[in-house]
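Enquirer: A predicted structure for the sequence below; I have some questions about it.
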Amino acid sequence: MMITCTACEANASYPIKDYLAELSFQSGIGYSMNFEENFSGLSDWGIVDQSDRELLDKDLDYNYLGKTISRLLESDDIGLNVLKNKGYIDRNIDGNKKVDEATAKLVIEKAVDAINNKEIITHYDFEFKEEVKDKKDDLKDGDIVLDDNKFYVVEKTTEDQIIYEREAEFDEVYAWLDIEDSFEIDFTKAEVISYGDEESSLNYRNNYYTLLSSNNHVFNKDGFRISYTLNRSGIDVHISKNVKGLNVYCDASINNVKPTFKWKAKEDDLKNSYFKISFNSTEELGLSTGKYGNYHLKFKDLDKSSFRSLLRSMVEPMDDEVEASIPICQIKTPIPELPTAFLNLDLYVKIYASGKIELVLYNTHELGYETKDGQIRFINDNTHRLDSIIQASGKAALAVNMSLEAVGMRLCDIEVDGGLKAVLQSILHMYDDEGNLESHDSNIAYSTLSEISKENPNVKVCADVSLYWLLDMVINTSKTKMNKLGFSKTFHILDDDNQVFGNMHHIENGHFVKKCTYGKREGLMSMDKVSSNKIVLDSYAEVLKINETYEIVVKGLPEGYKVTDLLYSSGDDKIARVSSGTITAVSPGSVKIKVSTKDDKYNAYVNILVSTG
C-alpha cells in the first residue's frame, strides 16, 4: 500500500532559480555569489537558454530537470528520457510533476559525477610544423630538430656538426595537438629532483651502515631534517626538528596520483581541454615540549599572585612556536608518446605548531577543470577524516602542483594547498582562599599551562578552540599557456567557515565540551582524591610512541568507591592495551581506554593517540 504524506507534497516545490544556482555550483560552471554571472555561465555552456529567465520564479518539474541535465551530459537522449534511461528517476514519472529539492540535488550529484569521470579514450595525435625536420635531413638555418629529448632551432650546420641557436618554443614545434590519456603515476619510474643537498648514499642506522636505494632521499633544510621514500604508488615524507627543547615532526604522504588530461588545439585556437588530478594524502603533525620538565613542582603551592609572577618570569609568551614551509621535491613523469612532454609534480609541506599537538589528516581529492568552446568549468570533489589530540594552535598542510608540460612550456596546471588549522586561546583560571575565581586569557600555549599547573589545586586551565579544514586551489597559474589564453581561477574552497567540531568549541582536561565549566567554588580543593559524582582523572588525552607506557592517575572517585574497585579496558588492543591502569602503545592509531567502576555505574575515558614519530 502506498502512503502519501500530505506535508511532503506541500513542501515538494523547488524554484527553478534555486535549482540553477545549485546546478551551477555543483557542476563547477559558476562559483560566484552573483546569480546573473552563474546564469550566464550556464548559458555559455549551452545548458540554459536566455528565454529560461521567464521561468526562474516557477517550480521545477521533471521536464525542465531532464532538459538541463541532458545538456550537461551532452547526451544523445533528449530531456526526460536521459533521466529515465540512466536510472536517475523512475520510468513512470510524469514530466509535469514537480521536483522536490532533495531529488533535484541527488540527480545533479549523479550527473556531475558522470561528467567529472568521463570515459577517456587514450590517443596521441599531433602534427609538427614544416620547420621541424629529422637530424638526417638536409638542414638549413631556422629549421628545428629533436636532439636528446629537446627541440632546438638550427643556427647553422657544418660538415660534421649542427650548431644550435637556442631551444625551440612550443608554438614553433606543433601545428596541432590532440591528446587524451589517464593513468596512475609510477613514482619509481619518475625523475626526482630534491629541493636540498642530499646526504651521502650511506645511511647510518642501528649501529651499522646500509646503502640507500635510489628511491630513498635524505637532506637538511633550514634546520629541518627531511627524508622521503618513493614507492610505486606514491611518496612518504618525514620531517623533524629539535629546537629550543621542542620536538616537532611531520609525516606526509601522497598516493594513488592519477592525472587525466585532454588537449585539443591548433596553435592558440583551443578547441577543448580537460585536466584533473586525483590523489589520496595523509598529513600527521606532532609537537611535544617536555621543555618545562618538573616546572610544575615550582608552581605547586603558589597562590594566584605568585603563580602569575613566576609564570611571566619563566615562560615567554608563544615561546613554543615552530612554523615553516618546506619544499620537498619535484617529480617528472615522461610521456613517451609525445616528444619532450611530461607530467610534473611539485611537493611542499607547510607546518605550524605552538605547543603540544597531534593531528592526523586523511584526504581524498579530485580537482581540475574542463574547457569547451571557450568556456571553463571546475572540478572539485574532496573528502576528509581527522584523528587528533589538540592542546595548542597548529596547522598541517600539503601543497601540490601538478602540470602538463611540453617543449619547455607548461600547458596547464592545478595547484592545491590543503590541510587543517587549529586555533586555541588559552584561559587561566585562578582561585583565592575564598573560592573566588579570577580568569585571564593567556598567550602561552594551553599545553604549557596545563603542564606547569597540574599540581596546583588553585589553578585550572582551559581553552577556546577552533578547528578548520583548509583547501585552496589555483587552476592554471601564471606560468601556463592556459592562463595566457584567459582560462584561470583561484578558489578558497575550504576556509575558516568550515568548523570541524560543530558546537564543541571548548577544551578542558583534553576533552571537547560546549562551554567552560569552571566557576566559583567553596574553599580549596584537596590534593588528595576528592569525593565526586564521577571518576576524575589527571589526564584525559595522551600521545604515546610505540611501546611507550602511561599510567592512569585517578584524582577523584564517587563516594563509596576505591581505586581498587576500578576496571580498565581498551577499545582496540591492537593499538593500545591496558593492564591495572597502565597503558602500553602497540601500533599507530587512536583508541579510547575505558575506566569504570565494577558495577559499570560510573565511567571515564582516556583518549590515546599512538604516533609514528
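Expert: Alright, I've got the coordinates.
Enquirer: If you drop the residues flanking it in sequence, what lies closest to residue 449?
Expert: With Cβ to Cβ, 6 or more residues apart in numbering as the criterion, residue 449 has its nearest non-adjacent residue at 4.4 Å, and that residue is residue 461. In this view, the C-beta of every residue, glycine as well, is placed from N, C-alpha and C.
Enquirer: For burial, what's the neighbour tally of the one you found?
Expert: 25 (other Cβ atoms under 10 Å).
Enquirer: contacting residues for it?
Expert: Neighbour list for residue 461: 426, 427, 428, 429, 446, 449, 450, 453 [criterion: Cβ atoms under 8 Å, 6 or more residues apart in numbering].
Enquirer: from those residues, which ones fall inside helices?
Expert: 446, 449, 450, 453 (DSSP state H).
Enquirer: Now rank these by neighbours and give me the top one.
Expert: Among the ones in helices among the contacts of residue 461, residue 446 has the most neighbours (other Cβ under 10 Å), with 28 neighbours.
Enquirer: Verify the stated contact: that one with residue 463.
Expert: Yes. Counting by Cβ atoms under 8 Å, residue 463 is a contact partner of residue 446 at 4.2 Å.
Enquirer: any chance you could map the helices in the stretch 51-200 of the chain?
Expert: Applying DSSP state H, counting those that start in this stretch to the stretch 51-200 of the chain gives helices spanning 62-73, 80-85, 101-116, 170-173.
Enquirer: ok, so of the contacts of residue 461, who is nearest residue 403?
Expert: Comparing the contacts of residue 461 against residue 403 with Cβ to Cβ places residue 446 closest, at 41.1 Å.
Enquirer: any idea how far residue 508 is from the closest one?
Expert: Here residue 446 is placed at a distance of 10 Å from residue 508 (Cβ to Cβ, to the nearest Å).
Enquirer: if I look at the two, which residues touch both of them?
Expert: Joint contacts of residue 446 and residue 508 (Cβ under 8 Å, 6+ apart) are residue 462.
Enquirer: So which bits of stretch 565-581 are buried?
Expert: Judged by neighbour count using 16 or more other Cβ atoms under 10 Å, the buried positions of stretch 565-581 are 566, 568, 570, 575, 576, 577, 578, 581.
Enquirer: swap in stretch 112-121?
Expert: Those buried within stretch 112-121 under the rule 16+ other Cβ under 10 Å are 112, 114, 115, 116, 118.
Enquirer: Spit out the contact partners of the second one.
Expert: Residue 114 makes contact with 73, 86 under the criterion Cβ under 8 Å, 6+ apart.
Enquirer: go with 10 Å
Expert: With contact taken as Cβ atoms under 10 Å, 6 or more residues apart in numbering, residue 114 is in contact with 69, 72, 73, 75, 86, 88.
Enquirer: Tabulate the residues you listed in TSV, adding columns for pLDDT and distance to residue 240.
Expert: Below are those laid out as TSV (pLDDT from 0 to 100; distance: Cβ to Cβ, whole Å):
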residue	pLDDT	distance to residue 240
69	95	51
72	94	48
73	93	49
75	85	53
86	90	51
88	92	51
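Enquirer: Tabulate these (CSV), appending neighbour count.
Expert: Shown next, in CSV, are those (neighbours: other Cβ atoms under 10 Å):
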residue, neighbour count
69, 26
72, 23
73, 18
75, 18
86, 17
88, 19
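Enquirer: Out of those residues, which is nearest to residue 44?
Expert: Residue 44 has its nearest neighbour among the contacts of residue 114 in residue 72, at 13.0 Å by Cβ to Cβ.
Enquirer: ok, that closest one touching residue 113?
Expert: No. With contact defined as Cβ atoms under 10 Å, residue 72 does not reach residue 113; the gap is 11.6 Å.
Enquirer: Identify the contacts common to the two.
Expert: By Cβ under 10 Å, 6+ apart, the residues touching both residue 72 and residue 113 are residue 26.
Enquirer: distance between stretch 263-280 and the chain's centre?
Expert: Put simply, stretch 263-280 sits 25 Å off its chain's centre (Cα atoms, centre = their mean, to the nearest Å).
Enquirer: Name the residues of it that come out as buried.
Expert: So stretch 263-280, judged by 16+ other Cβ under 10 Å, has buried residues 263, 264, 265, 270, 273, 274, 275, 276, 277, 278, 279, 280.
Enquirer: Can you list which of those are found in helices?
Expert: Among the buried residues of stretch 263-280, no member falls in helices (DSSP H).
Enquirer: Identify the residue with the minimum pLDDT among these.
Expert: Among the buried residues of stretch 263-280, residue 270 has the lowest pLDDT, at 82.
Enquirer: What separation is there between it and residue 49?
Expert: If you go by Cβ to Cβ, the gap between residue 270 and residue 49 works out to 25 Å.
Enquirer: Next: residue 144.
Expert: Distance from residue 144 to residue 49, by Cβ to Cβ: 47 Å.
Enquirer: need the helix or strand of this protein with the lowest average pLDDT.
Expert: strand 208-211 (a mean of 33; mean pLDDT, DSSP states H and E).
Enquirer: Could I get the buried residue list for the next helix or strand after it?
Expert: Following strand 208-211 in sequence order, the next helix or strand is strand 216-221 (DSSP states H and E). Under the neighbour-count criterion of 16+ other Cβ under 10 Å, strand 216-221 has 217, 218, 219, 221 buried.
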